[in-house]
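Asker: sequence plus the predicted model coming up.
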Amino acid sequence: MSITNGTVLMPLVLSLIGIPGLESVQCWMGIPFCAMYIIALIGNSLLLIIIKSERSLHEPMYIFLAMLAATDIALSTSIVPKMLGVFWFHLPEIYFDTCLFQMWLIHTFQGIESGVLLAMALDCFVAICYPLRHATIFTCQLVTHIGVSVTLRPAILVIPCLLLIKCRLKLYRTKLISHTYCEHMALVKLAAEDVYISKVYGLFGAFIVGGFDFIVITLSYIQIFITVFHLPQKEARLKAFNTCIPHICVFFQFYLLAFFSFFSHRSGSYIPSYIHITLSNLYLLVPPFLNPIVYGVKTKQILNQAVKIFCSKGQT
């Protein structure tokens, strides 16, 4: 139903443009995105298989890693199929409610990934700073509670965003979303009404999840480095530092891309839209693509199990 001034009353169907300004090359851009998605699926699935099958890896660190791998699979799957449908098959239409559901999935899995990284940092902090108390602190019960908490926190925090859009924003200037997926700010910008509350709550949710996690993770690693540098034995320092390397790599690649995407999306019109939309896509696809590679190369136990799997298949 249309309104006389050109606005649209709660459109039933929206259209994803993709990457504005790069429409002519989107079909080619879909190739590296698809390759990253396939590698992410294979790598994270292999991580899950290794951790599940090897009993020596049933420890808090590897359980959190399995949660991270499952989250990466879910996050990339909630984005890439529809994106490739826009790029390759010219299928931009998406139902409004489906768009809201995709937005909920994306922001929920983003929050879960941030929460898992926080849990891994705290686990590393206790293991290095208080090694004798690690087993008594990170019990199976605590790990279960952490898993439930990092899942429910973003899932619940995103719901008000959906309700604010669904219940308060009725008039829309256009049905075209200048993005490859349904993202909160991209959807809010379509509205012809006051979106101040929606934007403020979006920033609030981003700070509660990403900002809080970033601060705690940073403080944890600062204390870890202080403890490591004060270890008396060189071998112990190297072992502790090697344990932290994959966590730090994953931490930096996730949050650096997040900050670039966040600030470019809100820094004004002087940054071309295709830049911040491309950064948004990379922010959601690069971590699932790189995480299994980082942990596979830097974690000896996982690397050894992966070699055993491929060697056994080669012999058969």
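Answerer: Ah, there it is.
Asker: quickly note the distance from Val158 to His184.
Answerer: Distance, Val158 to His184, by C-beta to C-beta, to the nearest Å: 8 Å. C-beta coordinates here come from the backbone N, C-alpha and C atoms, glycine included.
Asker: what is in contact with those two at once?
Answerer: Taking C-beta atoms under 8 Å, 6 or more residues apart in numbering as the criterion, Val158 and His184 both touch 103, 107.
Asker: point to the residue nearest the middle of the protein.
Answerer: Nearest residue to the geometric centre of the chain (C-alpha atoms, centre = their mean): Gln110, 3.6 Å.
Asker: correct me, but that residue touches Pro154?
Answerer: Yes. Applying C-beta atoms under 8 Å as the test, Gln110 and Pro154 come out as touching, 7.0 Å apart.
Asker: which neighbours do those two have in common?
Answerer: Val209.
Asker: does His179 count as helix, strand or coil?
Answerer: coil (DSSP: H, G, I helix; E, B strand; the rest coil).
Asker: for Glu193, same thing?
Answerer: Taking three-state DSSP, the label given to Glu193 is coil.
Asker: what's the spacing between it and Tyr172?
Answerer: From Glu193 over to Tyr172 (counting by C-beta to C-beta), the distance is 9 Å.
Asker: between these two, which has more neighbouring residues?
Answerer: Neighbour tally, Glu193 and Tyr172, criterion other C-beta atoms under 10 Å: the higher count belongs to Tyr172, 21 against 14.
Asker: who's the more buried one bridged to?
Answerer: Residues in a beta bridge with Tyr172, per DSSP bridges, are Val8, Ala191.
Asker: is it true that it touches Ala192?
Answerer: Yes. Assessed by C-beta under 8 Å, Tyr172 is found in contact with Ala192 at 6.0 Å.
Asker: quick check: neighbours shared by the two?
Answerer: Here Tyr172 and Ala192 have Thr7 as joint contacts, going by C-beta under 8 Å, 6+ apart.
Asker: can you pull out the strands in the stretch 51-200 of the chain?
Answerer: Using DSSP state E, counting those that start in this stretch, the strands of the stretch 51-200 of the chain run over residues 93-95, 171-172, 176-177.
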